[in-house]
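Engineer: coords below, sequence missing:
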């Protein structure tokens, strides 16, 4: 009971202290942004601080950020002091701007001599000379409904959430002006209709031309207290918060050199729609933490609806194959390293502003002394490293559904089948080894050789000492041929739920001919919607249950998994992958054979 009374008494003391201090003038300060840690999805961890004079421990600023819910913190640089109370709200302020109407000129020059020319309807013009007394006005509030829309999006499971309209109710101030102007003349106070005023001549040599009006502005106030000591008279007060409004987009330039070397240059394009930044420490982060409240403002932001930013801040698409949104969003799942084929998997391995280097699952690039105004863009050079590479050639043949299944798909899906199969070309790729000291983030990479661009592809996340395959273009001087024949059919091979299924056995042959004047390293992969039983030339067979594990499905095959196929197909069939690795001498051919089967309904 005594503790409860003590807590209540302490709370009341704080309330009384706040009321007494706010009755006096609280010093205002302007915090300056000193540190910005930028994530690729448009969020940033921002530190803003500045010297503040304290009155009873209080200071205030009108530089109110828009942090995410649960991502706003305050601090004092002095170790002997701390911020124990913060409040945000709207305060009335007076702003000046040029006078744009007769009414505003009259209000700005109240108490001054003037000659007003009045021209009533159906009467001659009359001049009135005197002192401007007043233009009476009244201010009232009314509620106004404003239609708003929550934009469409996708939830965490990839389901489409349509846009939702709603009505936002706001209080709007309405100003009403009297229909007359009051002027003191020799005869007395004269009322002149505003609608009849044709001109005003002010006797002053330098009349007032600025109109002052009252408006509401956001303000945040901090209370600083000493830790067992007196409250300081001044202190370095600051805020750390996570806010949306600045992002960075990486890109690579890869120049192929002699001797199997490549020069990899990484730069980042910074898009600032947050605030003016001067001489800040800028950190660019590889990887994006999961901000669960990214769509919800902190109450301290004093904002009810989201900020309107440019299209650069559009949420990424969840659909596979849309690589532009994938590498721009760069969520951690898209930062997973893509292992080169045939390579073994490697072994696993106030709020602080992150330093340069590895931070758990993130990596930070650091640049100091950056100045960038709001609305400006900048390109920042980050790394340049020379690494080894080798030319490889890959032929990936996707899994095509058996002919018996085509009756279960529509014409558009059949076109997808044909396009996917016709796109299975032999590709020239670069296998780059990251021998540098920092990981490579997912980003578009433009490849050059002797100043000529060879192409542009997406380089996926690559950790230090790891390898990555980067496509260049369709291989030339290498011919490919694929043949597949049916060997046999076995009726009633298996029975499931009283239904017999036929076993279809096939034999395939893949041939690659090298017309180049040098040997080439070739990797061939054949995906099969069925079970592979044998492969020549030391081919490696991998089997998978599609219902439980669809990891063997590549992007071009993924959509077929969701087609409306018969329920039994994945119960009687598996998914297989056969892969080969070989060195083909100049002018020679390599042949790869494989056997497989699938089951179909009669």
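Structural biologist: Arrived safely, thanks for sending. These numbers were taken from a predicted model, which means no experiment stands behind them.
Engineer: Next, the buried residues of whatever helix or strand residue 509 lives in.
Structural biologist: Assigned by DSSP states H and E, residue 509 falls within strand 499-514. Applying a neighbour-count criterion of 16 or more other Cβ atoms under 10 Å, the buried positions in strand 499-514 are 501, 502, 503, 504, 505, 506, 508, 510, 512, 514. Every C-beta, even on glycine, is put in place using the N, C-alpha and C of the backbone.
Engineer: And for stretch 377-391?
Structural biologist: So, applying 16+ other Cβ under 10 Å, buried residues of stretch 377-391: 378, 380, 382, 387, 389.
Engineer: Now go through these and say which are in helices.
Structural biologist: Under the assignment DSSP state H, those contribute nothing to helices.
Engineer: What are the structural domain limits within this protein?
Structural biologist: Domain assignment for the chain by automatic domain parsing gives 96-211, 246-386, 479-602.
Engineer: Dump those to TSV, plus distance to residue 424.
Structural biologist: Shown next, in TSV, are those (distance: least, Cβ to Cβ, whole Å):
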stretch	distance to residue 424
domain 96-211	27
domain 246-386	15
domain 479-602	8
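Engineer: Out of those, the one nearest residue 231 is which?
Structural biologist: The minimum distance between residue 231 and the domains of the chain falls on domain 246-386, with 19.4 Å, by Cβ to Cβ.
Engineer: mean confidence for the closest one?
Structural biologist: For domain 246-386, the mean per-residue pLDDT is 72.
Engineer: one step back: partner strands of the strand holding residue 509, with direction?
Structural biologist: strand 478-496 (antiparallel), strand 589-600 (antiparallel) (DSSP bridges).
Engineer: Please identify the deepest-packed of those.
Structural biologist: Among the strands paired with strand 499-514, strand 589-600 has the highest mean neighbour count (mean count of other Cβ atoms under 10 Å), at a mean of 19.
Engineer: what bits of the stretch 51-200 of the chain have low per-residue confidence?
Structural biologist: 156 (pLDDT under 70).
Engineer: Show me what the host helix or strand of residue 284 is packed against.
Structural biologist: Of the helices and strands defined by DSSP H and E, residue 284 is found in strand 277-286. For strand 277-286, the packing partners by 3 or more Cβ pairs under 8 Å, 6 or more residues apart in numbering; DSSP states H and E come out as strand 32-38, strand 261-272, strand 362-372, strand 377-397.
Engineer: now the strand holding residue 509 against strand 377-397, angle please.
Structural biologist: On the basis of axes from the mean of the first three to the mean of the last three Cα atoms, to 10 degrees, strand 499-514 is oriented at 110 degrees to strand 377-397.
Engineer: if I look at residue 292, how far off is residue 444?
Structural biologist: Distance of residue 292 to residue 444, computed by Cβ to Cβ, to the nearest Å: 29 Å.
Engineer: now do residue 521
Structural biologist: To residue 444, residue 521 is 25 Å away according to Cβ to Cβ.
Engineer: try residue 215
Structural biologist: Taking Cβ to Cβ, one finds residue 215 at 45 Å from residue 444.
Engineer: Hmm, residue 47 is touching residue 31, no?
Structural biologist: No. Checked against Cβ atoms under 8 Å, the pair residue 47 and residue 31 is beyond contact range at 9.1 Å.
Engineer: Check the contact lists of the two and give me the overlap.
Structural biologist: Listed contacts common to residue 47 and residue 31 are 238, 239; contacts here mean Cβ atoms under 8 Å, 6 or more residues apart in numbering.
Engineer: Number of residues surrounding residue 126?
Structural biologist: Residue 126 is flanked by 12 other residues according to other Cβ atoms under 10 Å.
Engineer: Please apply the same query to residue 565.
Structural biologist: 14.
Engineer: in stretch 179-191, what counts as buried?
Structural biologist: 180, 181, 182, 183, 190.
Engineer: is the first one in a bridge, and if so with what?
Structural biologist: For residue 180, the beta-bridge assignment (DSSP bridges) gives partners residue 193.
Engineer: Let me see the contact set for it.
Structural biologist: Residue 180 neighbours (Cβ under 8 Å, 6+ apart): 191, 192, 193, 194.
Engineer: so who does residue 231 touch?
Structural biologist: 54, 56, 57, 81, 224, 225.
Engineer: switch the cut-off to 6 Å
Structural biologist: Residue 231 makes contact with 57, 225 under the criterion Cβ atoms under 6 Å, 6 or more residues apart in numbering.
Engineer: Could you number the chain from 7 rather than 1 from now on?
Structural biologist: Shifting the count to begin at 7 puts that one at residue 237.
Engineer: For it, what is the enclosing helix or strand?
Structural biologist: Here residue 237 is assigned to no helix or strand, by DSSP H and E.
Engineer: roughly how far apart are it and residue 33?
Structural biologist: 13 Å.
Engineer: re the thing from before, okay, residue 298 and residue 450: which has more neighbours?
Structural biologist: A side-by-side neighbour count of residue 298 and residue 450, using other Cβ under 10 Å, places residue 450 first with 16 against 11.
Engineer: Correct me if wrong: that one contacts residue 258.
Structural biologist: No. Here residue 450 does not reach residue 258: they are 7.1 Å apart, not a contact under Cβ atoms under 6 Å.
Engineer: Residue 512 pairs with what?
Structural biologist: Here residue 512, judged by DSSP bridges, has bridge partners residue 492, residue 602.
Engineer: Pairing partners for the strand or helix carrying residue 586, with directions?
Structural biologist: Element membership for residue 586, per DSSP H and E: strand 581-590. Here strand 581-590 is paired, per DSSP bridges, with strand 526-534 (antiparallel), strand 546-550 (antiparallel).
Engineer: which of the residues in stretch 446-466 are buried?
Structural biologist: For stretch 446-466, burial by neighbour count (16+ other Cβ under 10 Å) applies to 446, 447, 448, 449, 450, 451, 453, 460, 463, 464, 465, 466.
Engineer: what's the helix or strand for the fifth one?
Structural biologist: Meaning residue 450. strand 449-455.
Engineer: hang on, the earlier thing: now do the strand holding residue 515, average pLDDT.
Structural biologist: The model assigns strand 505-520 a mean pLDDT of 95.
Engineer: Buried subset of the contacts of residue 186, written for PyMOL?
Structural biologist: A single PyMOL command selects the buried members of these (16+ other Cβ under 10 Å):
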select buried, resi 198+200
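Engineer: Before I go, just wanted to say thanks for your time.
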